[in-house]
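Visitor: Let's see this in three dimensions:
(one chain, ligands or ions: 2)
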Amino acid sequence: MILGQAALWLNLLTIAALCLFVGVLAVSAVCLVVSRFPSFSMRLSTGARRPLLWSAVVLPWLAAGSAATLLVFPDALGERTASLAHWHHIYAFNIYSWHGLSALGFLALTGVMLARSCVRAYRHLAQLQLLLQVCEHETDDTSIIHSPRAQAFTSGLLRPQVFFTSGLRDGVSDDEFAVVRMHEEAHVRRLDPLQKLLFALLAGFFPGSQRNYLNRQMMLCMEQCADEQVCRSGWSETFVAQTLVKVTRLSNGMPAAKASSALCCHFAADQLNARIHYLLADDKGRSFSPLLVGILFIFLSGCCLFSVDALHHAIETLFSH
Ligand SMILES: [Zn+2]
Ligand SMILES: [Zn+2]
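Guide: Residues are numbered from 1 along each chain as shown. Ligands and ions are numbered 1, 2, ... in the order given. Have a look, this model is predicted:
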């Protein structure tokens, strides 16, 4: 049995792990409901969906952190709240119990997720180096690959690069090429491949189907944001949609699975229907409201704060420590 200050920090870790579990479950439940009603997400603009998706993966961590801190240092809670939200044996920690197991499990899971992201980043950068060796550099951050297949994509984490194939440049008009270039430059400015990597790392803590849903929604949002950027520079939505269809036709439709597993941002990858539908829609949906994120944070923190004691007792009726 560990006692004193060390036990307090280990309890903090266990509580944070439990809170994160509760937070992830709560967000997964919301995702499950939202994914059943695709029209719901269409009611929000891309500018609103992007911060909301980030909130979905980041807020469980923030809520878990703040709920765990409040439970470990309960002076900030009122007496009535503390009677519902508390942690027994804050200065005692038995490492050979489910407490120790959940703390270690949480650390191991986080370690595995971080290692997987590092491997992904390493592979991505290794592929980028290979690409840079075989292509022709047009400008500092734009390169042409000699290939008959029409493709355009952005690759690279801290200094992303835009790649076009000669097949694409020869197959489209100057105006269409300008649209593709502007779209990819929007990905470069936002460091989208790096954002994809970080988002996938956080989404990795979600169960399989929710993780895929979140990643696919974020990919769609990134593409729509880049499309929107092109429209803001003066190109009509119809022309951008036409270019999208043309490039997809030229590239013979790249397999969706391959596109989603990579960190690159492909101009015409998948979810084409949703992008064209959004481009041509008159109503782009509601804009972002920080209030919604605030409500989500309070909801998640409340779920964590008030479910930890019940969870503690429920597990302890199964295991004795
Ligand atoms: Zn794109
Ligand atoms: Zn206990």
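Visitor: Can you give me the buried ones in stretch 171-190?
Guide: For stretch 171-190, burial by neighbour count (16 or more other Cβ atoms under 10 Å) applies to 171-172, 176-177, 179-188, 190. All C-beta spots, glycine's among them, are computed from the backbone N, C-alpha and C.
Visitor: How far does that stretch sit from its chain's centre?
Guide: From the chain centre to the centre of stretch 171-190 is a distance of 24 Å (Cα atoms, centre = their mean, to the nearest Å).
Visitor: try stretch 140-154
Guide: 26 Å.
Visitor: end to end, how far does it reach?
Guide: 13 Å (Cα to Cα, to the nearest Å).
Visitor: Now do the buried residues in it.
Guide: Of the residues in stretch 140-154, those buried (16+ other Cβ under 10 Å) are 141-145, 150-154.
Visitor: follow-up on the earlier one: in helices only, show me the buried residues of stretch 171-190.
Guide: 171, 176-177, 179-188 (DSSP state H).
Visitor: These: which ones sit near ligand 1?
Guide: Taking Cβ under 5 Å from the ion as the test, ligand 1 is in contact with none of those.
Visitor: Tabulate those (TSV), appending pLDDT and distance to residue 317.
Guide: TSV is the format used below for those (pLDDT from 0 to 100; distance: Cβ to Cβ, whole Å):
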residue	pLDDT	distance to residue 317
171	88	67
176	92	65
177	92	66
179	93	62
180	93	61
181	92	62
182	93	60
183	94	56
184	93	57
185	93	58
186	94	54
187	94	52
188	94	55
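Visitor: Mind putting the residues you listed into JSON lines with distance to residue 62?
Guide: Below are these laid out as JSON lines (distance: Cβ to Cβ, whole Å):
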{"residue": "171", "distance to residue 62": "47"}
{"residue": "176", "distance to residue 62": "43"}
{"residue": "177", "distance to residue 62": "43"}
{"residue": "179", "distance to residue 62": "38"}
{"residue": "180", "distance to residue 62": "38"}
{"residue": "181", "distance to residue 62": "38"}
{"residue": "182", "distance to residue 62": "35"}
{"residue": "183", "distance to residue 62": "33"}
{"residue": "184", "distance to residue 62": "33"}
{"residue": "185", "distance to residue 62": "32"}
{"residue": "186", "distance to residue 62": "28"}
{"residue": "187", "distance to residue 62": "27"}
{"residue": "188", "distance to residue 62": "29"}
